[in-house]
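Q: Provided below for reference: sequence and predicted model.
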Amino acid sequence: MRKPAIPDPIRPINEHVHVQFDRSWLGELESRIERNGPWDHPTLFDLAYESEQASLIHSFDDLQCLSHLPQLTPLPHQLETARKVLNEMRGRAILADEVGLGKTIEAGLILKEYMIRGLVKKALILVPASLVLQWVRELNQKFGIQAVAQKKAHMWEQFDVVVASMDTAKRDPHKDVVLNIDYDMLIIDEAHKLKNKKTTNYQFVNHVRKKYCLLLTATPIQNDLGELYNLITLLKPGQLGGQTEFSSNYVVDKRIPKNEQQLQQHLSKVMIRNRRSDGGVHFTKRHVSNISLELSPEEMELYHAVNDFVKSKLQEEGSGEMGSIFSLVTLQREVCSSRDAVFVTLANLSKKLAQDSPVRNKIWEIVDIIRKIKANTKVEKTIDLIRSINSKVIVFTEYRASQESLLMHLKKNNIIAVPYRGGMNRGKKDWMMDLFRGRAQVMVATEAGGEGINLQFCHNIINYDLPWNPMRVEQRIGRVHRLGQQNDVHIYNLSTKGTIEEHILNLLHEKINMFELVIGELDMIIERLEKQGTSFESSLYKIMLESGNEDELKQRIHQLGDAFHTVKGEVESKEKGPDPAAILDALSRPAAGAGSLGAST
């Protein structure tokens, strides 16, 4: 077999390609080697030196993340909390600051610091569903953390920082996926909901594999010290010993601790609680204006017609063919809100009745009264207020029909307004928030606007309707009156004379004095009051439905206010057992601790 010819290595494959070598630099290099330099331009050397200096870590305890957060200026107590969690608590802590002091900021600082140091990559943040978007927005905008809201099953594994609701994460098919992932950090907001060891929430979180863990709650103790024990055991098993050992060593009664100094030392290793009273944190003032409105004769006629209709139906065989009592109560409340809300409810009730039902005739008699009404007293006053305020305003209403009516009238008066309600998906809610922040003067929100959103850029609230639950009123106000608010907050409460609404406002403002109470104190009183009978809101329903006349209604609401004051006195009395918040404050005083940055074992 003939061997293939071997090409001549010297002979170029392409005769037209010429290779030339530039060796002009070689002489300069040899010269610099002999003189040992210079090797670079002095200016470039100075820049390189400054760059290296800037990246030096001068102290292991310093927060490296601060130079990466141009959009955020943390407060001193938030910085101190982050440092303590990193350097003493080894990344596992209960952040138990009082409401409004910025636990989310503290958690963000800690997460960012661990990420910059290369100790955290995969993080899971479990929050109430209404707070998912808020968390995602804050992590992205304030901390530059690429967090995503969980929407599809593949997102658990595909993205490094996922924000989801507890309810979504714990149910199939998500549960198995989440429990098979090794998380560097787990953050749980509203962690007091894990207080019971027997709940599926507690068991689920206990099985999540995590290196670092932050539990955020203003109320780690609500009913007894056992709740605090459960949270700490979830965070650091064995920190307080076994359940029997803990009860024997540290508990006299449910809310009465013993060996407080020793217990305090244990808690100081896992819990941080900042209080408003500690100073250094400034909250602006609240200015409350109660505005009483005189309804037109036609509007008042509608109010009395609805009241008579509701009471007559309740006297005949309970709610009978009308459906639930709740529908009747709603109708009686709606008449104080808007004729539109009343009309929608009446129309829905009518659909449930037989064609020959005498109740249908009564309903259409009320509809005829609605048609005669020309005035819209509440809407007109709201528009006047918005114009006089001449700044951003959030208007809260209880009912969708009232919201639609308000939006229509605002548009007619050339006032730019956007809606916000529970039925909107996450994207639309986010869009409405951005429009309100940038372009619109008014946001008209149903009760969904009272949960989980921060509106510090607005400092005016109009309560078009007042909820009958004081906690929901406080939640509304808390959307604007919180840390970061630069202006005094103005709250305008509308009420109509001669209606149940007037009595409710009197109860909330004068009897309960709720606008002056701290939310933690209010929560405690309501909870204690409801343990003695039905819920606060249900008590009001019962009073409204059972009172025979205006005087009896007024008297029974007055008695409810007295009961509130009695319970408030019990909560504040040491003889009745200490206030959980006071226990928490006493047990969370700073104590000496030592440790280093690292995972808890």
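A: Here it is on my side, so go on.
Q: okay, and for this structure, where does confidence drop off?
A: 1-15, 54-61, 222-223, 253-255, 277-280, 314-327, 448-453, 511-524, 527-535, 570-601 (pLDDT under 70).
Q: Domains in it, by residue range?
A: 73-280, 286-291+375-584, 295-372 (automatic domain parsing).
Q: Adding mean neighbour count and distance to Asp46, write those out as TSV.
A: In this view, the C-beta of every residue, glycine as well, is placed from N, C-alpha and C. Converted to TSV, the domains of the chain look like this (neighbours: other CB atoms under 10 Å; distance: least, CB to CB, whole Å):
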stretch	mean neighbour count	distance to Asp46
domain 73-280	18	26
domain 286-291+375-584	18	40
domain 295-372	16	70
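Q: Between the ones you listed, which one is closest to Glu30.
A: Nearest of those to Glu30, taken as CB to CB: domain 73-280 at 43.1 Å.
Q: and Gln20, which of the domains of the chain is closest to it?
A: domain 73-280 (47.7 Å).
Q: tell me how far the ends of stretch 189-200 are from each other?
A: 16 Å (CA to CA, to the nearest Å).
Q: no, scratch that, I was asking about stretch 113-131
A: Taking CA to CA as the measure, stretch 113-131 stretches 23 Å from start to finish.
Q: on that earlier part again, could you dump the domains of the chain into CSV with distance to Asp62 added?
A: Shown next, in CSV, are these (distance: least, CB to CB, whole Å):
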stretch, distance to Asp62
domain 73-280, 9
domain 286-291+375-584, 24
domain 295-372, 55
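Q: and of those domains, who's closest to Gly37?
A: Of all these, domain 73-280 comes closest under CB to CB, at 36.0 Å.
Q: and that closest one, how far out from the chain's middle?
A: 15 Å (CA atoms, centre = their mean, to the nearest Å).
Q: again, but for stretch 33-52
A: Using CA atoms, centre = their mean, the offset of stretch 33-52 from its chain centre is 53 Å.
Q: and what of stretch 494-510?
A: For stretch 494-510, the distance to the chain centre is 28 Å (CA atoms, centre = their mean).
Q: same thing with stretch 294-305?
A: Chain-centre distance of stretch 294-305: 38 Å, with CA atoms, centre = their mean.
Q: hang on, the earlier thing: Val19 is nearest to which of the domains of the chain?
A: Comparing these under CB to CB, the one sitting nearest is domain 73-280, at 46.5 Å.
Q: could you pull out the strands for the stretch 101-250 of the chain?
A: Per DSSP state E, counting those that start in this stretch, the stretch 101-250 of the chain carries strands over the ranges 123-127, 147-149, 161-165, 182-188, 209-216.
Q: JSON lines for the ones you listed, including distance to Ser402?
A: Listed next are the strands of the stretch 101-250 of the chain as JSON lines, based on distance: least, CB to CB, whole Å:
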{"stretch": "strand 123-127", "distance to Ser402": "30"}
{"stretch": "strand 147-149", "distance to Ser402": "30"}
{"stretch": "strand 161-165", "distance to Ser402": "29"}
{"stretch": "strand 182-188", "distance to Ser402": "36"}
{"stretch": "strand 209-216", "distance to Ser402": "34"}
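Q: Show me the one of those strands that comes nearest Arg439.
A: Across those, the minimum distance to Arg439, taken as CB to CB, is reached by strand 147-149, at 24.1 Å.
Q: What is that closest one packed up against?
A: Packing partners of strand 147-149 (3 or more CB pairs under 8 Å, 6 or more residues apart in numbering; DSSP states H and E): helix 132-143, strand 161-165.
Q: can you pull up the bridge partners for the spatially closest residue to Ile389 that is not a sequence neighbour?
A: Spatial nearest neighbour of Ile389, excluding adjacent residues (CB to CB, 6 or more residues apart in numbering): Asn460 at 5.3 Å. For Asn460, the beta-bridge partners are His490 (DSSP bridges).
Q: I'd like the numbering to begin with 118 instead of 1 from here.
A: I'll keep to 118 as the first residue from here, and by that count the last item is Asn577.
Q: re earlier: the helices and strands packed on strand 264-266: which one's closest to Val237?
A: Distance to Val237, taken as CB to CB, is lowest for strand 278-282 among the helices and strands packed on strand 264-266, at 9.0 Å.
Q: hang on, the earlier thing: with distance to Ile298 as extra columns, can I get the helices and strands packed on strand 264-266 in TSV?
A: Compiled in TSV, those are given as follows (distance: least, CB to CB, whole Å):
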stretch	distance to Ile298
helix 249-260	18
strand 278-282	9
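Q: what's the closest of these to Val606?
A: Proximity to Val606 (CB to CB) singles out helix 249-260 among the helices and strands packed on strand 264-266, at 19.4 Å.
Q: now for that closest one, which elements pack on it?
A: helix 220-233, strand 240-244, strand 264-266, strand 278-282, helix 543-555.
Q: swap the cut-off to 6 Å and go again
A: In terms of contacts (3 or more CB pairs under 6 Å, 6 or more residues apart in numbering; DSSP states H and E), helix 249-260 is packed against strand 264-266, strand 278-282.
Q: what does the stretch of helix or strand Glu619 belongs to contact?
A: According to DSSP states H and E, Glu619 maps onto helix 617-623. Here helix 617-623 makes contact (CB atoms under 6 Å, 6 or more residues apart in numbering) with 407, 453, 583, 610, 612, 661, 674.
Q: I'd like to know which of those are part of helices.
A: Counting by DSSP state H, the part of the contacts of helix 617-623 found in helices is 661, 674.
Q: closest to Leu523 among the contacts of helix 617-623?
A: Distance ranking of these against Leu523, using CB to CB, places Cys453 first at 14.6 Å.
Q: Ramachandran angles for the closest one?
A: When read as degrees, to the nearest 10, the backbone of Cys453 gives phi -80, psi -10.
Q: Three-state assignment for Phe426, please.
A: helix (DSSP: H, G, I helix; E, B strand; the rest coil).
Q: and Glu230, what does it touch?
A: So, once contact is read as CB under 6 Å, 6+ apart, Glu230 ends up touching 180, 182.
Q: before we move on, back to that, His133 is nearest to which of the domains of the chain?
A: The closest of the domains of the chain to His133 is domain 190-397. By CB to CB, the value is 53.0 Å.
Q: what about Gln263, distance to Ala240?
A: 11 Å (CB to CB, to the nearest Å).
Q: again, but for Gly544
A: 23 Å.
Q: Same check on Trp548?
A: Distance of Trp548 to Ala240, given as CB to CB: 26 Å.
Q: How about Ile233?
A: 13 Å.
Q: With Ala335 instead?
A: Distance, Ala335 to Ala240, by CB to CB: 22 Å.
Q: Now that Ala224 has come up, it's in contact with Leu331, right?
A: Yes: using CB atoms under 6 Å, Ala224 is in contact with Leu331, at 5.2 Å.
Q: Need the overlap of contacts for the two.
A: With CB under 6 Å, 6+ apart as the test, Ala224 and Leu331 both reach Ile304.
Q: Arg254 is nearest to which of the strands of the stretch 218-367 of the chain?
A: Comparing these by CB to CB, strand 264-266 comes nearest, at 8.9 Å.
Q: residues making contact with that closest one?
A: Strand 264-266 is contacted by residues 249, 253, 256, 276, 278-280 when judged by CB under 6 Å, 6+ apart.
Q: how about a cut-off of 7 Å?
A: Strand 264-266 has contacts (CB atoms under 7 Å, 6 or more residues apart in numbering) with 249-250, 253, 256-257, 272, 276, 278-280, 543.
Q: what's the answer for stretch 580-588, then?
A: Residues contacting stretch 580-588 (CB under 7 Å, 6+ apart): 454, 495, 499, 512-515, 519, 590, 593, 608-611, 618, 621-622, 625, 629, 631, 639-640, 643, 653-654, 657.
Q: same deal with stretch 153-170?
A: Arg149.
Q: Format the CA atom coordinates belonging to that stretch as PDB.
A: Once non-C-alpha atoms are left out, stretch 153-170 reads as follows in PDB (Å, rounded to 0.1, in the frame of the first residue of the first chain):
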ATOM      1  CA  ASN A 153      13.200  46.800  38.200                       C
ATOM      2  CA  GLY A 154      10.500  49.000  36.800                       C
ATOM      3  CA  PRO A 155       8.500  51.100  36.300                       C
ATOM      4  CA  TRP A 156       5.800  48.500  35.700                       C
ATOM      5  CA  ASP A 157       2.600  50.700  35.300                       C
ATOM      6  CA  HIS A 158       1.300  54.200  35.200                       C
ATOM      7  CA  PRO A 159       1.200  55.800  38.700                       C
ATOM      8  CA  THR A 160      -2.500  56.900  38.300                       C
ATOM      9  CA  LEU A 161      -3.600  53.400  37.400                       C
ATOM     10  CA  PHE A 162      -1.600  52.000  40.400                       C
ATOM     11  CA  ASP A 163      -3.400  54.500  42.700                       C
ATOM     12  CA  LEU A 164      -6.800  53.400  41.400                       C
ATOM     13  CA  ALA A 165      -6.000  49.700  41.900                       C
ATOM     14  CA  TYR A 166      -4.700  50.400  45.400                       C
ATOM     15  CA  GLU A 167      -7.900  52.400  46.300                       C
ATOM     16  CA  SER A 168     -10.000  49.500  44.900                       C
ATOM     17  CA  GLU A 169      -8.200  47.000  47.100                       C
ATOM     18  CA  GLN A 170      -8.600  49.200  50.200                       C
END
